[in-house]
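Visitor: here is a sequence with its predicted model. Questions after.
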Amino acid sequence: MNKQSIKKILTNRKLHMGLGAIVVAGILFLFLLDTVFMPAYTNYNEGITVPNVSQVSLIEAEKVLKDYGLRVEIAERRSNEAYPADYVIDQTPAAAKIVKPDRKIYLTVNSESNPTAQIPNVVDLSLRNARIQLQNSGLTVGSISYEPSRFEDVVLRQSISPETVVPKGTTIDLTVSDGLGGKTVTMPDITGLSLSEAQQKLQEKGLRVDEIEFEPTRNSAPNIVLDYSPKKNQLVEGETLKLIVSEHEDVVEESESGAIVDTSNIDN
């Protein structure tokens with residue numbers, strides 16, 4: 001192709017008009033795509049304010065969301081005693097958020113019933129293992145009381161029988177061995193001893209003081225053991241006693257429970 005032919009093509013008026021028409025059509029197409037087609041496809045400039053459907057029944061929540069042009073999906077069922085069964089506990093997106101039409105709203109719904117657990121048998125287990133088993137079952141360890149028994153920290157009884165089905169979180173009380181039972185000891189003679197001396201002798205025998213009653217008297221110095229109960233020569237380790245202890249006559253009589261340690265006559 002010579003120069004004249006090329007010049008003739010470049011200066012061709014019809015060619016220029018054709019190219020111009022293609023450019024104009026392209027610009028028009030892009031304009032329509034941006035302002036008409038894409039907004040229509042993506043619902044641009046359209047938004048819905050998400051209604052609050054928490055703390056209402058699932059049926060009601062589904063109806064409200066459907067009326068708003070939104071879809072519903074149950075994301076999770078969770079137990080919450082504060083709400084009736086099948087009530088909406090939470091929602092995502094949250095209420096008052098602006099979303100596009102037909103957006104899916106995820107709901108957390110209260111389960112129909114509280115989760116339950118079968119109580120394991122923890123009798124004869126160590127207190128530590130019993131705690132682990134109960135906690136692994138979703139139960140709560142309640143109060144722990146001790147009774148005389150030979151093996152220390154072994155569960156003797158549980159407040160609810162094994163295999164009973166209860167709501168999770170139920171509290172189980174335990175009775176545990178103090179390790180002092182099973183052995184019979186001779187009751188030491190503590191009458192006339194000071195309270196601290198008597199307590200020391202009782203501890204050496206594995207006996208415990210449960211109650212101390214003070215008795216005013218002029219015939220004895222204060223804090224002297226006047227009497228005790230039960231009056232037995234043989235007791236089981238861990239058994240408890242009540243002591244009658246002297247005090248000045250002008251002191252008002254009082255009774256105290258629990259182990260009271262008199263250290264006034266104990267050498268440091």
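Guide: Nice, thanks for sending it over.
Visitor: now residue 49. Its backbone dihedrals?
Guide: Per-residue torsions, residue 49: phi -80, psi 120 (degrees, to the nearest 10).
Visitor: an error on my part: the question was meant for residue 221.
Guide: phi -70, psi 160.
Visitor: that one contacts residue 248, doesn't it?
Guide: No. With contact defined as C-beta atoms under 8 Å, residue 221 does not count as touching residue 248 (9.3 Å). Any C-beta I mention is one placed from the backbone N, CA and C, and that applies to glycine too.
Visitor: isn't there a strand covering residue 29?
Guide: No. Per DSSP: H, G, I helix; E, B strand; the rest coil, residue 29 lies outside any strand segment and is helix.
Visitor: so what pLDDT did it get?
Guide: You'll see residue 29 listed with a pLDDT of 87.
Visitor: what number of residues lie near it?
Guide: By other C-beta atoms under 10 Å, the residues close to residue 29 number 11.
Visitor: what's the spacing between it and residue 38?
Guide: 12 Å (C-beta to C-beta, to the nearest Å).
Visitor: all the helices of the stretch 1-150 of the chain, residue numbers only.
Guide: Ranges of helices in the stretch 1-150 of the chain, per DSSP state H, counting those that start in this stretch, are 3-10, 13-32, 38-42, 58-67, 127-136.
Visitor: lowest average pLDDT across those?
Guide: Within the helices of the stretch 1-150 of the chain, confidence is poorest for helix 38-42, with a mean of 67 (mean pLDDT).
Visitor: from memory residue 79 sits against residue 116, does it?
Guide: No. Residue 79 is beyond contact range of residue 116, at 10.1 Å (criterion: C-beta under 8 Å).
Visitor: residue ranges in the stretch 151-268 of the chain under the pLDDT threshold?
Guide: For the stretch 151-268 of the chain, the stretches with pLDDT under 70 are 181-182, 250-268.
Visitor: circling back to that earlier point, got the helices of the stretch 1-150 of the chain as TSV, with distance to residue 159 columns?
Guide: Listed next are these as TSV, based on distance: least, C-beta to C-beta, whole Å:
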stretch	distance to residue 159
helix 3-10	102
helix 13-32	77
helix 38-42	62
helix 58-67	37
helix 127-136	11
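Visitor: out of those, flag the one nearest residue 197.
Guide: Smallest distance to residue 197 across these (C-beta to C-beta): 33.2 Å, for helix 127-136.
Visitor: report the buried residues of that closest one.
Guide: By 16 or more other C-beta atoms under 10 Å, the buried positions in helix 127-136 come out as 127, 130, 131, 133, 134.
Visitor: got JSON lines for the residues you listed, with distance to residue 237 too?
Guide: What follows is those, written out as JSON lines (distance: C-beta to C-beta, whole Å):
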{"residue": "127", "distance to residue 237": "19"}
{"residue": "130", "distance to residue 237": "23"}
{"residue": "131", "distance to residue 237": "25"}
{"residue": "133", "distance to residue 237": "28"}
{"residue": "134", "distance to residue 237": "28"}
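Visitor: show me which of these is closest to residue 233.
Guide: Set against residue 233, the nearest of those by C-beta to C-beta is residue 127 (33.2 Å).
Visitor: now that closest one: closest residue in space, sequence neighbours ignored.
Guide: residue 153 (4.6 Å; C-beta to C-beta, 6 or more residues apart in numbering).
Visitor: ok, residue 133 next?
Guide: Using C-beta to C-beta, 6+ apart and skipping residues adjacent in sequence, the residue nearest residue 133 is residue 120, 4.8 Å away.
Visitor: thanks a lot, catch you later.
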